[in-house]
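S.K.: Let me see the structure of the following:
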Amino acid sequence: MNPRLILAALILAGLTNPHTHAIDAKKPNVLFIIADDLNVFLGCYGDSLARTPNLDQLAKRGVRFENAYCTFPLCGPSRNSMLTGLYPNSNGILANAQIFRQTVPDRISLPQAFRRQGYFAARVGKLYHYNVPTSIGTEGHDDPASWELQLNPAGVDRTEEEGRIFSLRPGSFGGSLSWYASLKPDAEHTDGKIAADAEWVLERCAKQKDRPFFLAVGFFRPHTPYVAPKKPYYEFYPQEEMRVVQNVKEDQLDIPSPALASYKPEQDKLDDHLRRSALQAYYASISFMDTQLGHVIGALDRLGLSENTIIVFTSDHGYHTGEHGLWQKQSLFEESTRVPLLIVTPDGRSKNTVAKSPVSHIDLFPTLMDLAGIKAPDGLQGQSLVPIIRDPTAQGRGWSLSQVVRGGGFKRFGASASIGDDGKRFFGYSLRTDRWRYTEWDEGKQGTELYDHDNDPSELVNLSGKPEHSALVNRLQCQLRDAARSSFPENGITPELRKDAGLWAPQFIE
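M.R.: Residues are numbered from 1 along each chain as shown. The predicted structure is shown next:
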């Protein structure tokens, strides 16, 4: 029997299941779309090179959050934080390949919270952590309790083309800079198949209007390897137009060494030609993903579902393309921690608006609960963004907290979060306010950073050691440490919890 016919029967059975909770058919649907390793190289965020017409149009339909940040610029911790509504310190996920059911097994995830309210919860592609590209086509490190339906398509980028992909570290693609201009059409790539499967699910949902849905769509691009069709996407971005970051050595002089520890040795191979090639491939992958997103949003509109659907678009974290001499993620600079965030509500009350107050991924869980009129689970650590959605000038919390792990030896369930091998683990924390970024490494013992975003949006001048800023540093230090304390469980960190959950705390948390 055709597998899609079997799945269609399962979907219809789920959508009409008489044993689900009492359902209010007027409850809004949720379409939650997430890209992988995407920074703000988007037209709607002011990037002059980006060709992202579908995201640009989506931004006009709702609120664009100008200053949105992840809690941890690494896929596994970021996604688990977003989907559990807990900071990494509270859910215990501080590395890739970890599963939150092993650390906080009774936690209700975001899609599970909707599912428990009678929603049909489905996932297409990557929501929790996957090893890219090796986990494409599998369940990855998924959470089965979150979904009624999971679809895991794999395209030619995984099944046919890996042997043709250029990599700075031959044979290594997911963690190394790697790219390929494919001759295959969109529909044969993984993200093309994800878009088609999402459209197919929406068509089935449209036939059953008495049960709302929570559909999560996780695209893999622009994560390395940057594989996208050569025509038209690579051709959108001539190599000679790709910028190369200049004066890196001078920039690095006032930066503490832990801040640069995400640098990978194979990046020594980068010359200007390779830098331009990598950036061309990254942009091409963004435009390819944008086109696939357009198919999903187009289906939502065509099926008449958008009039009662909340749409969220974001990425798991930001991404470096040479700034400060860094590529990829796991830094606490703006490029690595800042994410795109668009929220569209069915009432259209905040069309084409921009909210500038700093917000966090940790805020998405309570926000969606609030928008749907559902009581949120206890213990969520974020704020609802609904007041900001209703009035984009509202301040909200006014700051966002991000963290990373440095040092050697941290392992949990076979996964490593460490960079370096000095045998000492420590945190880096970064507080982003509306004007300032203040960062501490190992409680300041291994360096601090202060950047003025009003006058230095590229974070090129570290002001933390300037006497004229000492009072500001002291104030931001107190604010950061209060925020860090709040990122741990309410009942504190016991020695047993540290041992069992793989957690540790800076001294000021004790």
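S.K.: Quick check: nearest residue in space to the residue nearest the centre of the chain, chain neighbours excluded?
M.R.: The centre of the chain sits closest to Asp316, judged by C-alpha atoms, centre = their mean, with a distance of 0.9 Å. In space, and not counting its chain neighbours, Asp316 is closest to Ser78: 4.5 Å by C-beta to C-beta, 6 or more residues apart in numbering. All C-beta spots, glycine's among them, are computed from the backbone N, C-alpha and C.
S.K.: measure Arg116 to Ala145 for me?
M.R.: According to C-beta to C-beta, to the nearest Å, Arg116 and Ala145 sit 10 Å apart.
S.K.: on that earlier part again, show the contacting residues for the residue nearest to the centre of the chain.
M.R.: Ile34, Ala35, Asp36, Asp37, Cys70, Cys75, Ser78, Arg79, Met82, Val339 (C-beta atoms under 8 Å, 6 or more residues apart in numbering).
S.K.: Kindly report the same for Lys27.
M.R.: Gln117, Tyr119, Pro212, Ala372, Gly373, Ile374.
S.K.: And the buried ones among those residues, selectable in ChimeraX?
M.R.: Of the contacts of Lys27, the buried ones can be selected in ChimeraX as follows, counting by 16 or more other C-beta atoms under 10 Å:
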select :117,119,212,372,374
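S.K.: from the contacts of Lys27, which two are the most distant?
M.R.: Spatially, the most separated pair among the contacts of Lys27 is Tyr119 and Gly373, at 12.3 Å (C-beta to C-beta).
S.K.: just to revisit the earlier point, is the residue nearest to Asp316 in a helix, a strand, or coil?
M.R.: What DSSP: H, G, I helix; E, B strand; the rest coil gives for Ser78 is helix.
S.K.: Do me a favour and get the backbone dihedrals for the residue lying closest to Tyr87 once chain neighbours are set aside.
M.R.: Leaving aside its sequence neighbours, Tyr87 sits nearest to Ser487 (C-beta to C-beta, 6+ apart; 3.7 Å). Ser487 adopts backbone torsions of phi -80, psi -10, taken as degrees, to the nearest 10.
S.K.: correct me, but Pro153 touches Gly125?
M.R.: Yes - with contact defined as C-beta atoms under 8 Å, Pro153 counts as touching Gly125 (7.4 Å).
S.K.: Settle it for me: which of the two has more neighbours?
M.R.: Shown here are Pro153 and Gly125; by other C-beta atoms under 10 Å, Gly125 has more neighbours (27 against 18).
S.K.: Pairing partners for whichever strand or helix holds Val217, with directions?
M.R.: Using DSSP states H and E, Val217 sits within strand 213-218. If you go by DSSP bridges, strand 213-218 pairs up with strand 29-35 (parallel), strand 120-125 (parallel).
S.K.: Just send these back as a markdown table, with mean pLDDT and distance to Phe220 too.
M.R.: As requested, those are exported to a markdown table (pLDDT from 0 to 100; distance: least, C-beta to C-beta, whole Å):
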| stretch | mean pLDDT | distance to Phe220 |
| --- | --- | --- |
| strand 29-35 | 98 | 8 |
| strand 120-125 | 98 | 7 |
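S.K.: nearest to Thr345, of those strands?
M.R.: Of all those, strand 29-35 comes closest under C-beta to C-beta, at 10.8 Å.
S.K.: Count the neighbours of the residue nearest to Tyr87 for me.
M.R.: Neighbour count for Ser487, taken as other C-beta under 10 Å: 19.
S.K.: how near is it to Lys207?
M.R.: Per C-beta to C-beta, Ser487 is found 43 Å from Lys207.
S.K.: Beta-bridge partners for Trp436, please?
M.R.: According to DSSP bridges, the residues that bridge with Trp436 are Asp452.
S.K.: now the helices: where do they sit in the stretch 51-200 of the chain?
M.R.: 53-60, 75-84, 88-91, 110-115, 156-159, 190-206 (DSSP state H, counting those that start in this stretch).
S.K.: So, low pLDDT: which residues of this structure?
M.R.: Within the chain, the ranges that satisfy pLDDT under 70 run 1-25, 408-423, 490-510.
S.K.: rerun at 50
M.R.: Along the chain, the parts satisfying pLDDT under 50 run over 1-3, 5, 16, 18-22, 409-422, 493-495, 497-510.
S.K.: what about the top helix by length along it, distance to the chain center?
M.R.: Ranked by residue count and defined by DSSP state H, the top helix of the chain is helix 272-302. Centre-to-centre, helix 272-302 and its host chain are 16 Å apart (C-alpha atoms, centre = their mean, to the nearest Å).
S.K.: do the same with stretch 80-88
M.R.: On C-alpha atoms, centre = their mean, the centre of stretch 80-88 falls 11 Å from that of its chain.
S.K.: And the residue nearest to Asp316, how far from Leu38?
M.R.: Remark: distance between Ser78 and Leu38 (C-beta to C-beta) = 12 Å.
S.K.: Ok, Pro222 next?
M.R.: The gap separating Pro222 from Leu38 is 6 Å, by C-beta to C-beta.
S.K.: any residues in contact with both of those two?
M.R.: Taking C-beta under 8 Å, 6+ apart as the criterion, Pro222 and Leu38 both touch Ile286, Met289, Tyr319.
S.K.: And the residue nearest to the second one when sequence neighbours are not counted, its phi and psi?
M.R.: Beyond its immediate neighbours in the sequence, the residue positioned closest to Met289 (C-beta to C-beta, 6+ apart) is Arg221, lying 4.2 Å away. When quoted as degrees, to the nearest 10, the phi and psi of Arg221 stand at phi -90, psi 150.
S.K.: ok, how many other residues are close to Arg221?
M.R.: Arg221 has 29 neighbouring residues, counting by other C-beta under 10 Å.
S.K.: ok, now which ones touch it?
M.R.: Taking C-beta under 8 Å, 6+ apart, one finds Ala35, Asp36, Asp191, Val227, Ala228, Ser285, Ile286, Phe288, Met289 in contact with Arg221.
S.K.: Give me the distance between it and Asp186.
M.R.: In terms of C-beta to C-beta, Arg221 sits 11 Å off from Asp186.
S.K.: Common neighbours of those two, please.
M.R.: Each of Phe288 lies in contact with both Arg221 and Asp186 under the rule C-beta under 8 Å, 6+ apart.
S.K.: between the contacts of Asp316, which is nearest Tyr45?
M.R.: Closest approach to Tyr45 among those (C-beta to C-beta): Val339, at 10.4 Å.
S.K.: and the closest one, what is it in contact with?
M.R.: Neighbouring residues of Val339 by C-beta under 8 Å, 6+ apart: Leu38, Asn39, Val40, Ala68, Tyr69, Cys70, Thr314, Ser315, Asp316, His317, Gly318, His361.
S.K.: how close does it get to Ser400?
M.R.: Val339 is 10 Å from Ser400, by C-beta to C-beta.
S.K.: Need the residues touching each of the two.
M.R.: Ala68, Tyr69.
S.K.: For burial, what's the neighbour tally of Tyr283?
M.R.: Tyr283: 26 surrounding residues under other C-beta under 10 Å.
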